[in-house]
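S.K.: dropping the sequence and predicted coords here.
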Amino acid sequence: ISDYRSPDATRGNQELRAELRGSVDIGRVTHQLSIGADTFRRTVDKRQNVNEYVGTANIHDPQVPVFAPSPSQPGAPVRRLDSRQDGLFVLDRMRFGDDWQWLAGGRMVRLHERAYDKRGNPERHSRISRFLPQTALIWNATDQVNAYVSYVRGISLGQEAPFWTSNDGEFLAPVLSRQLEVGIKYGATDALTLGAALFRTSQPFQYARADDSDAGYTFVQEGQQTHTGLELTANGRITAQLLVTASASVLQARARDTATAAYEGHQLVNVPKTRASVHLDYALPFVAGVGVTGGWRHASSNTATVDGSVRAPSYSVLDLVLRYQHTVRQQPGTAKGVIFITLEDETGILNVVVWPKVFGRNRRTVMSAQFLEVRGKIERDGLVIHVIANELVDHTSRLRALGEGDAELPDPEKRHGEGSWKPRSRD
């Protein structure tokens with residue numbers, strides 16, 4: 001039994017982004033351009049930890065002994081990592097008629113990173129300047145079906161060495177990654193989309209390598225890790241009341257050229273070969289705002305040791321929740337007649353600002369509507385998004401029709417070919 005303490009670890013992220021968007025038609029080709037610049041800074045401050053042996057016991061002991069903690073104390077906070085990325089990016093979405101789209105662009109990034117040891121002494125200084133391309137070709141085969149192929153290069157921060165390695169707490173250098181994906185989307189209905197994607201991602205392999213150090217392991221970067229898989233998805237509404245989000249995946253995760261044979265030829269540690277999840281949300285038609293949500297997640301057995309000789313068992317998790325969502329109307333005493341409305345549905349929360357003149361024209365709708373449509377102007381203030389209402393429409397009378405399945409709502413998320421090329425994390 002060891003006394004391990006590492007208090008007050010602080011990670012800070014700062015990000016700034018400026019972007020200009022526009023479109024232009026050149027002949028029969030429509031160009032949707034995005035041009036901009038961004039900067040991202042991450043800092044990590046930590047104390048020197050305490051990790052000392054204090055006694056021996058067995059998990060099967062009828063009474064587990066209690067040992068006095070180590071007299072050692074964590075050290076003073078020091079800067080362990082200071083990483084900054086500055087980039088310029090451009091992306092052009094070219095539309096060739098109604099059937100084809102080609103996205104081409106990339107990001108020129110300059111990374112400047114310094115890592116420090118537990119005492120704050122410089123340990124590593126990395127500089128990387130690299131162009132990271134991204135491209136995708138999308139084919140809208142029919143109104144319901146689109147297919148795509150995409151290729152993306154990326155850069156990410158290196159991992160931190162675990163406490164049981166000889167270089168405990170060291171941050172390894174950033175890594176460059178690449179991802180190739182081929183997929184298809186099928187709009188089964190206006191409200192339900194099915195998808196399938198084959199993908200392959202690769203990046204340098206960072207792992208704990210056995211050696212002759214006192215700890216027995218050192219965290220290093222050597223070789224490549226590759227994830228190859230198939231993912232099936234279903235998202236949308238099955239009925240007016242029932243919303244589904246489901247996925248199933250098969251993943252092969254392999255390492256090669258690691259100079260450590262035990263890591264190669266089998267699935268990587270803690271990466272299940274198969275995963276599946278289903279999330280259902282059912283709105284009770286006879287009680288406005290009340291619904292039942294349930295979820296099931298499953299992961300297959302996975303490798304538990306580096307040589308693949310021991311496996312952890314599979315597991316499943318089941319969730320069941322009763323929820324209530326509502327509309328909030330507020331008029332603070334200092335608002336000078338301004339009404340604030342909070343709308344909520346299964347996709348999130350929306351804040352609406354109703355100026356006095358608009359409120360005067362829509363007083364009854366604002367105060368009594370149970371099913372509300374808001375038309376207006378979007379305003380952004382950092383991460384906060386508001387809609388400045390120009391018109392409000394009361395659709396309360398349609399609630400019964402929706403409950404009986406006789407009415408349909410337009411699905412703002414339906415977008416055949418839009419955005420499906422974007423890379424997703426396959427970790």
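M.R.: Great, that's in hand.

S.K.: all helices for this structure, in order.
M.R.: Assigned by DSSP state H, the helices in the chain fall at 356-361, 363-368, 399-403.

S.K.: need those in TSV (columns: mean pLDDT and distance to residue 189).
M.R.: Any C-beta I mention is one placed from the backbone N, CA and C, and that applies to glycine too. Formatted as TSV, those follow (pLDDT from 0 to 100; distance: least, C-beta to C-beta, whole Å):
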stretch	mean pLDDT	distance to residue 189
helix 356-361	85	35
helix 363-368	77	30
helix 399-403	48	15
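
S.K.: of all these, which lies closest to residue 320?
M.R.: helix 399-403 (22.3 Å; C-beta to C-beta).

S.K.: could I get the full set of strands for the stretch 201-350 of the chain?
M.R.: 217-237, 242-256, 274-283, 290-299, 302-303, 311-312, 315-324, 328-330, 339-345, 348-354 (DSSP state E, counting those that start in this stretch).

S.K.: give the rounded mean pLDDT of stretch 114-122.
M.R.: What stretch 114-122 shows for mean pLDDT is 92.

S.K.: hang on, the earlier thing: deepest-packed of the strands of the stretch 201-350 of the chain, please.
M.R.: strand 302-303 (a mean of 20; mean count of other C-beta atoms under 10 Å).

S.K.: now residue 127. Nearest residue, chain neighbours left out?
M.R.: Leaving out its chain neighbours, the residue that sits closest to residue 127 by C-beta to C-beta, 6 or more residues apart in numbering is residue 112, at 5.7 Å.

S.K.: residues in contact with that neighbour?
M.R.: Contacts for residue 112 were tallied using C-beta atoms under 8 Å, 6 or more residues apart in numbering; they are 83-86, 126-127.

S.K.: in the sheet, who's paired with it?
M.R.: With DSSP bridges applied, residue 112 shows beta-bridge pairing to residue 84, residue 127.

S.K.: show me the beta-bridge partners of the residue nearest to residue 216 when sequence neighbours are not counted.
M.R.: In this structure, residue 216 finds its nearest non-sequential neighbour in residue 210, 6.4 Å apart by C-beta to C-beta, 6+ apart. In this structure, residue 210 bridges to residue 217 when assessed by DSSP bridges.

S.K.: for residue 171, see how far away residue 210 is.
M.R.: 21 Å (C-beta to C-beta, to the nearest Å).

S.K.: which one's more surrounded, the two?
M.R.: Neighbours were counted for residue 210 and for residue 171 using other C-beta atoms under 10 Å; residue 171 has more, 23 against 11.

S.K.: picking that back up, got a markdown table for the strands of the stretch 201-350 of the chain, with distance to residue 99 too?
M.R.: As requested, those are exported to a markdown table (distance: least, C-beta to C-beta, whole Å):
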| stretch | distance to residue 99 |
| --- | --- |
| strand 217-237 | 23 |
| strand 242-256 | 28 |
| strand 274-283 | 33 |
| strand 290-299 | 37 |
| strand 302-303 | 42 |
| strand 311-312 | 47 |
| strand 315-324 | 41 |
| strand 328-330 | 45 |
| strand 339-345 | 33 |
| strand 348-354 | 33 |
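
S.K.: those: lowest mean pLDDT?
M.R.: Per-stretch mean pLDDT for those is lowest at strand 328-330 (a mean of 55).

S.K.: for the residue nearest to residue 216, give me its contacts.
M.R.: 216-217, 260, 262.

S.K.: what are the bridge partners for residue 52, then?
M.R.: Going by DSSP bridges, residue 52 is paired in beta bridges with residue 3.

S.K.: hmm, residue 3 and it touching each other?
M.R.: Yes. Shown here, residue 52 and residue 3 form a contact pair, counting by C-beta atoms under 8 Å, at 5.5 Å.

S.K.: between those two, which one's more packed in?
M.R.: The neighbour comparison of residue 52 against residue 3 (other C-beta under 10 Å) goes to residue 3, with 16 against 13.

S.K.: circling back to that earlier point, please enumerate the shared neighbours of residue 52 and residue 3.
M.R.: In contact with both residue 52 and residue 3: residue 70, using C-beta under 8 Å, 6+ apart.

S.K.: the nearest residue to residue 149 once chain neighbours are set aside and residue 233: what is the separation?
M.R.: Nearest non-adjacent residue to residue 149, counting by C-beta to C-beta, 6+ apart: residue 182, 4.9 Å away. Separation of residue 182 from residue 233 (C-beta to C-beta): 14 Å.
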